[in-house]
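> Okay, sequence plus prediction incoming.
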Amino acid sequence: AMQPENEISQIKKVSETQQIPRNLLNKIFQSLVKTGLVRSHRGSKGGFSLAKPAREITLKEIIEKIEGPIYLNKCLIREGECSRDNICPAHEVWQEAQRKMVEVLEKSTLQELADKSLLH
């Protein structure tokens, strides 16, 4: 996301700049390719690029593509998942916390994180 749009990044450079071991980074990128967030490019000038502009990728999308749907508690998965939904005094608190968390993750983009990272 810190590279110009459509630029291909090589694992070696990303590993060095982000201080992530190359083997681990390879696994991360392969996982991101499977989710469709990242494209893999073969050849001597190959590497990886974002599948769409960083400003269009939200943190919610990244988390859900890797981990699946986000739920703070079992009772939020679907109505009736927890037999105490209707009587639990904390259920409404969980619902509000879930809404707010998802709202923050939906409005936070990969581009915003990259921009903040460049400032440091």
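That came through, no problem.

> and whichever helix or strand residue 118 is part of, which residues are buried?
Assigned by DSSP states H and E, residue 118 belongs to helix 110-119. Buried residues in helix 110-119, counted by 16 or more other CB atoms under 10 Å: 110-111, 113. For every residue, glycine as well, the C-beta is placed using N, CA and C.

> Pull the distance from that helix to the chain's centre.
14 Å (CA atoms, centre = their mean, to the nearest Å).

> Which strands and helices lie in contact with it?
helix 59-67 (3 or more CB pairs under 8 Å, 6 or more residues apart in numbering; DSSP states H and E).

> Could I get the average pLDDT for the helix it packs on?
Across helix 59-67, the average pLDDT comes to 94.

> So which bits of it are buried?
Quick answer for helix 59-67 (16+ other CB under 10 Å): 59-62.

> Contacts for that helix, please.
31-32, 35-37, 70, 102, 105-106, 108-110, 113 (CB atoms under 8 Å, 6 or more residues apart in numbering).

> Quickly name whichever of these is closest to residue 13.
Ranked by distance to residue 13 (CB to CB), the contacts of helix 59-67 are led by residue 32 at 16.3 Å.

> Not counting the helix or strand encompassing the closest one itself, show me its contacts.
Using DSSP H and E, residue 32 sits in helix 22-35. Helix 22-35 has contacts (CB under 8 Å, 6+ apart) with 11-12, 14-15, 18, 20, 38-40, 48, 65-66.

> If anything else comes up later, I'll come back, but that's it for now.
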